[in-house]
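Novice: Compute the structure for the input listed below.
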Amino acid sequence: MEKNEIEEKLNEANYNRLDQIRAEVKKEEGIIKVLNLYACLGGNRLLWDNCEVTAVELDPELARMYQERFPNDTVIIADAHQYLLDHYKEFDFIWSSPPCPSHSRARYWGAGSGKMEVIYPDMNLYQEIIFLQHYFKGKWVVENVIPFYEPLIQGKKIGRHIFWSNFRIPNFKSEDADINRGLVSDYEKLHKIDLSSYKGNQRKDKIGRNLVHYETGKIIYDTMLGITQVSKDNQTLMF
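Specialist: Numbering: from 1, shown residues only. I've put the predicted structure just below:
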């Protein structure tokens, strides 16, 4: 083996070891590795603490704005559905908010009145719920709008949203429960965002309406964190 090849292999081994050490340190410090799928502008993420977040968003403009809002997060422009399948083992907590239009009551009413095209509901939503239920070892949440049909898998309804998870989400009132068809400025104020620089193809009011309010994200994240910590404490006591 040539000298350069030996040096490259040694460097690669050292880098891998450093990554392992960093991961161990973060685990000791209680830093949670979070995967935030279909991240949009991170409405759910604003008040999360003690976490290392990887956000996946397909819209380049929303990804840019998310990165500006959360400069310390890792932002990836990719298909979140596929990213989950490829990388789920790398995280402690997964939050997924798959696209909701095909499930929404507004879409159903619009199709019924002839104002919108009739389409199949996108079953990626239930694929992810079932996948996480059976394959993921950490804590997880899947969020969507309350559908026009009886959910195929029962979830927790809060405000305009429904949440599926592998831990109990408490009862509370969402701050965005009373705003459904607001102006862009209403959503900007509600979610503490600025949509003026968005140059993509999505409607700005739709972006704002679909965000999970940061207080809701905080309550669910803290609930998950408390359950995870209790589980770790119990495991320590057992030994």
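Novice: mind showing which ranges of the chain have poor pLDDT?
Specialist: 1-29, 105-112, 114, 177-181, 228-239 (pLDDT under 70).
Novice: Try it again at 80.
Specialist: 1-30, 100-116, 119, 176-182, 227-239 (pLDDT under 80).
Novice: just the helices in it please.
Specialist: 3-28, 60-69, 80-87, 105-112, 124-135, 184-191, 204-210, 214-238 (DSSP state H).
Novice: I figured residue 128 hits residue 96, correct?
Specialist: Yes - Residue 128 lies in contact with residue 96 (Cβ atoms under 8 Å); the separation is 5.4 Å. All C-beta spots, glycine's among them, are computed from the backbone N, C-alpha and C.
Novice: For the two, list the residues in contact with both.
Specialist: 84, 142 (Cβ atoms under 8 Å, 6 or more residues apart in numbering).
Novice: ok, residue 78 - contacts?
Specialist: Contacts of residue 78 (Cβ under 8 Å, 6+ apart): 56, 58.
Novice: how close does it sit to residue 211?
Specialist: According to Cβ to Cβ, to the nearest Å, residue 78 and residue 211 sit 20 Å apart.
Novice: now do residue 137
Specialist: Distance from residue 137 to residue 211, by Cβ to Cβ: 29 Å.
Novice: Likewise for residue 164?
Specialist: Distance of residue 164 to residue 211, given as Cβ to Cβ: 18 Å.
Novice: same deal with residue 113?
Specialist: On the measure of Cβ to Cβ, residue 113 and residue 211 end up 26 Å apart.
Novice: the more surrounded of the two?
Specialist: Legend: neighbour count by other Cβ atoms under 10 Å for residue 113 and residue 211, higher for residue 211 (22 against 8).
Novice: how close does the nearest residue to residue 212 once chain neighbours are set aside get to residue 171?
Specialist: In this structure, residue 212 finds its nearest non-sequential neighbour in residue 44, 4.2 Å apart by Cβ to Cβ, 6 or more residues apart in numbering. Distance of residue 44 to residue 171, computed by Cβ to Cβ: 18 Å.
Novice: More neighbours: the two, which one.
Specialist: Legend: neighbour count by other Cβ under 10 Å for residue 44 and residue 171, higher for residue 44 (24 against 7).
Novice: wouldn't that one be in contact with residue 215 here?
Specialist: No - contact status for residue 44 versus residue 215: not in contact, 10.0 Å apart, counting by Cβ under 8 Å.
Novice: if I read this right, residue 146 contacts residue 163, doesn't it?
Specialist: No - between residue 146 and residue 163 there is no contact under Cβ under 8 Å: 10.3 Å.
Novice: Bridge partners for residue 52, pull those for me.
Specialist: residue 33 (DSSP bridges).
Novice: That one - how many residues pack around it?
Specialist: 16.
Novice: Hmm, residue 34 and it touching each other?
Specialist: Yes - contact status for residue 52 versus residue 34: in contact at 6.8 Å, counting by Cβ under 8 Å.
Novice: how about the nearest residue to residue 65, chain neighbours excluded?
Specialist: Closest to residue 65 by Cβ to Cβ, 6+ apart is residue 41, at 5.8 Å.
Novice: Could you pull up the contacting residues of the one you found?
Specialist: By Cβ under 8 Å, 6+ apart, the contact set of residue 41 is 62, 65-66, 69, 191, 193, 207, 211.
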